[in-house]
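Novice: below is the structure, and that's it, no one-letter string:
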């Protein structure tokens, strides 16, 4: 018998066991539901009897009190509203009795109770309606019909029904527990039988195919270890036997192929080495092209985004200014009317206007911050892709260090940072993209000079803000170090500084694009390395390493 046929029979057996379990569960659940319904009906009947008994007791007490004063000539009769409420209370009790009859299976005794209750209700209503108006009729009705009926209903029929219902509820509870226990036993037994049957089926299948799988596994281990002469020779007339034969044939062909490959290996080795070198060079070229494409795509994307959001930002900034002007106008108007206004209200209005003015200032600050980011995006988007040129690295670094210094000084006339330069004359002319690398030097120098200046403003004469620039020839590489004595970079954000739009500068002072673009240019475009060495509170030094070729 093939494995496929065995699995089909196994699947059919599992379906049969599942169907058997489902049928047992449904039968037990149906019996349990019926027992629950019987218990619910018994509980509902007891609740209805309790409600009827409460109404009868209350009404009997009321009738008893009224009967004691019925002989007084001056007794006043009930009002129409009181008669309506009395009749409504008795009608509600009649409805409970009717509902009780619907839920009860003993129709004879319930019918007697319902008939007597209706007669008692009618008699009490005759008494109540004639009380204070026709005392003779009221007393006669109560003596001839009301009292005997109340004795029959309250003391005989109702207690009898209550005892019967208590017995029925107890019986229903016992039946529910019995049905639940039997259902659980049936379900557990069916599950046990199914599980045991399933285990037997699985064991039979596992016994038949376990040996074949073990032999195949041993063959796979042997062949995987290089023993291509290993043969399984499994004598089973099923798929495993066919697989073993195919495995043996494969091992035989692999042995022949290995001998052929060994003969051709030495010949292909040299070709593979040459191809690997070519592929490595191609990968480097592809990385450089990918960076150029990313820069071009990023420029197009950032330009589009910046143009789309610049106008809304301008509106936000302008409207915040208008809002502040309106606040000042409102203050002037309120000040002119302060003699007529309550001082507490005046103080509340001034505080509210102050909060609004503060929020308007914050809105303008954040709008300015967003506008600076947009400007930075536009600046990056306008950069054109440069060409590889023979470049004097020392001259390039010196030029853009000075450009960074004068750019910051143009923004703040009080800006002043000492520049210390140390350029290695042994650095040869390098083939690189000066337009892009200059952006790296400019970004890092701007960041370092800004950090040193901000720290100096905080410490005063205790710190001389310094930016130190150094180049060095390392043989196959050249190194550029840009050091500043600012506050450094905390450990918790050191891993984020090369991420796009991440900045440690105050709001409005940076866009978070410089270092991310610098990393792309140095690492992906020039195949170099960009890293940072820093100590929080003391210094930060960015190190650029470029290959000479």
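Specialist: Great, that's in hand. All values derive from a computational prediction rather than experimental measurement. Residues are numbered from 1 along each chain as shown.
Novice: distance between the host helix or strand of residue 21 and the chain's centre?
Specialist: Using DSSP states H and E, residue 21 falls within helix 3-68. For helix 3-68, the gap between its own C-alpha mean and the chain's C-alpha mean amounts to 40 Å (Cα atoms, centre = their mean, to the nearest Å).
Novice: cool, and stretch 159-171?
Specialist: Per Cα atoms, centre = their mean, the centroid offset for stretch 159-171 relative to its chain is 55 Å.
Novice: which residues are in contact with that stretch?
Specialist: Stretch 159-171 has contacts (Cβ atoms under 8 Å, 6 or more residues apart in numbering) with 39, 42, 43, 45, 46, 49, 53, 106, 109, 110, 113. For the C-beta atoms, the positions are set from N, CA and C on the backbone; glycine is no exception.
Novice: report the buried residues of that stretch.
Specialist: 161, 162, 164, 165, 168, 169 (16 or more other Cβ atoms under 10 Å).
Novice: residue 32 versus the last one, what's the distance?
Specialist: According to Cβ to Cβ, to the nearest Å, residue 169 stands 17 Å off from residue 32.
Novice: all helices for the stretch 51-200 of the chain, in order.
Specialist: 80-103, 107-130, 135-141, 147-150, 158-224 (DSSP state H, counting those that start in this stretch).
Novice: residue 544 is nearest to which of the ones you listed?
Specialist: helix 158-224 (48.1 Å; Cβ to Cβ).
Novice: got the angle for the closest one vs helix 3-68?
Specialist: 160 degrees (axes from the mean of the first three to the mean of the last three Cα atoms, to 10 degrees).
Novice: other SSEs contacting the helix holding residue 21?
Specialist: helix 80-103, helix 107-130, helix 147-150, helix 158-224, helix 239-336 (3 or more Cβ pairs under 8 Å, 6 or more residues apart in numbering; DSSP states H and E).
Novice: can you report how many residues neighbour residue 179?
Specialist: Look at residue 179: counted by other Cβ atoms under 10 Å, it has 19 neighbours.
Novice: which residues touch the nearest residue to it once chain neighbours are set aside?
Specialist: Nearest non-adjacent residue to residue 179, counting by Cβ to Cβ, 6 or more residues apart in numbering: residue 35, 4.2 Å away. Applying Cβ under 8 Å, 6+ apart to residue 35 gives the contacts 172, 175, 176, 178, 179, 180.
Novice: out of those residues, the closest to residue 139 would be?
Specialist: Ranked by distance to residue 139 (Cβ to Cβ), those are led by residue 172 at 45.3 Å.
Novice: surely that closest one meets residue 44?
Specialist: No. Judged on Cβ atoms under 8 Å, residue 172 makes no contact with residue 44 at a distance of 11.1 Å.
Novice: comparing these two, which residue is more hemmed in?
Specialist: Set residue 172 next to residue 44 and count neighbours by other Cβ under 10 Å: residue 172 wins out with 20 against 13.
Novice: ok so, going back, could you check the angle helix 80-103 makes with the helix holding residue 21?
Specialist: 140 degrees.
Novice: which other residues reach stretch 340-350?
Specialist: Contacts of stretch 340-350 (Cβ under 8 Å, 6+ apart): 331, 334, 338.
Novice: run a quick neighbour tally on the first one.
Specialist: So that's residue 331. Burial of residue 331 is recorded as 15 neighbouring residues (other Cβ under 10 Å).
Novice: mind listing what it touches?
Specialist: Contacts of residue 331 by Cβ under 8 Å, 6+ apart are 350, 353.
Novice: tell me the pLDDT at it?
Specialist: We have a pLDDT of 82 for residue 331.
Novice: and the last one, by the same measure?
Specialist: Confidence at residue 338, expressed as pLDDT, is 75.
Novice: so residue 534: helix, strand or coil?
Specialist: With DSSP: H, G, I helix; E, B strand; the rest coil as the basis, residue 534 sits in strand.
Novice: list the beta-bridge partners for it.
Specialist: residue 540 (DSSP bridges).
Novice: count of neighbours near it?
Specialist: For residue 534, using other Cβ under 10 Å, the count is 20.
Novice: could you do residue 356 as well?
Specialist: 15.
Novice: do the same with the one 4 residues further on
Specialist: One way to gauge burial is a neighbour count; for residue 360, by other Cβ under 10 Å, it gives 19.
Novice: so who does it touch?
Specialist: Taking Cβ under 8 Å, 6+ apart, one finds 320, 321, 323, 324, 327 in contact with residue 360.
Novice: grab the nearest non-local neighbour of the fourth one.
Specialist: Excluding the flanking residues, the one nearest residue 324 by Cβ to Cβ, 6+ apart is residue 360, at 4.9 Å.
Novice: before we move on, which element is that neighbour in?
Specialist: Per DSSP H and E: helix 343-381 holds residue 360.
Novice: same thing with residue 413?
Specialist: Per DSSP H and E, there is no helix or strand for residue 413.
Novice: contacts only, for residue 10.
Specialist: Residue 10 is in contact with 201, 202, 205, counting by Cβ under 8 Å, 6+ apart.
Novice: rerun that using 6 Å as the cut-off
Specialist: Residue 10 makes contact with residue 201 under the criterion Cβ atoms under 6 Å, 6 or more residues apart in numbering.
Novice: repeat that for the one 10 residues further on.
Specialist: In this structure, residue 20 makes contact with no residue, judged by Cβ under 6 Å, 6+ apart.
Novice: what's the distance between residue 221 and residue 230?
Specialist: For residue 221 relative to residue 230 (Cβ to Cβ), the value is 9 Å.
Novice: how does this structure divide into domains?
Specialist: Domains of the chain are assigned by automatic domain parsing as 3-199, 272-384, 386-549.
Novice: against residue 39, how distant is residue 20?
Specialist: For residue 20, the distance to residue 39 - Cβ to Cβ - is 29 Å.
Novice: scratch that, residue 489
Specialist: 74 Å.
Novice: go on, residue 65?
Specialist: 40 Å.
Novice: between those two, which is the more surrounded one?
Specialist: residue 39 (19 against 10).
Novice: where does pLDDT dip in the stretch 401-549 of the chain?
Specialist: The stretch 401-549 of the chain contains residues with pLDDT under 70 at 500-514.
Novice: can you pull out the strands in it?
Specialist: 418-422, 430-432, 466-473, 477-484, 529-535, 539-547 (DSSP state E, counting those that start in this stretch).
Novice: now distance to residue 314 too, for the ones you listed, in TSV please.
Specialist: Shown next, in TSV, are the strands of the stretch 401-549 of the chain (distance: least, Cβ to Cβ, whole Å):
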stretch	distance to residue 314
strand 418-422	37
strand 430-432	39
strand 466-473	35
strand 477-484	34
strand 529-535	35
strand 539-547	35
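Novice: just name the most buried of the domains of the chain.
Specialist: Among the domains of the chain, domain 386-549 has the highest mean neighbour count (mean count of other Cβ atoms under 10 Å), at a mean of 17.
Novice: lowest confidence element among the helices and strands of the chain?
Specialist: One helix or strand of the chain scores below all others by mean pLDDT, DSSP states H and E: helix 239-336, with a mean of 72.
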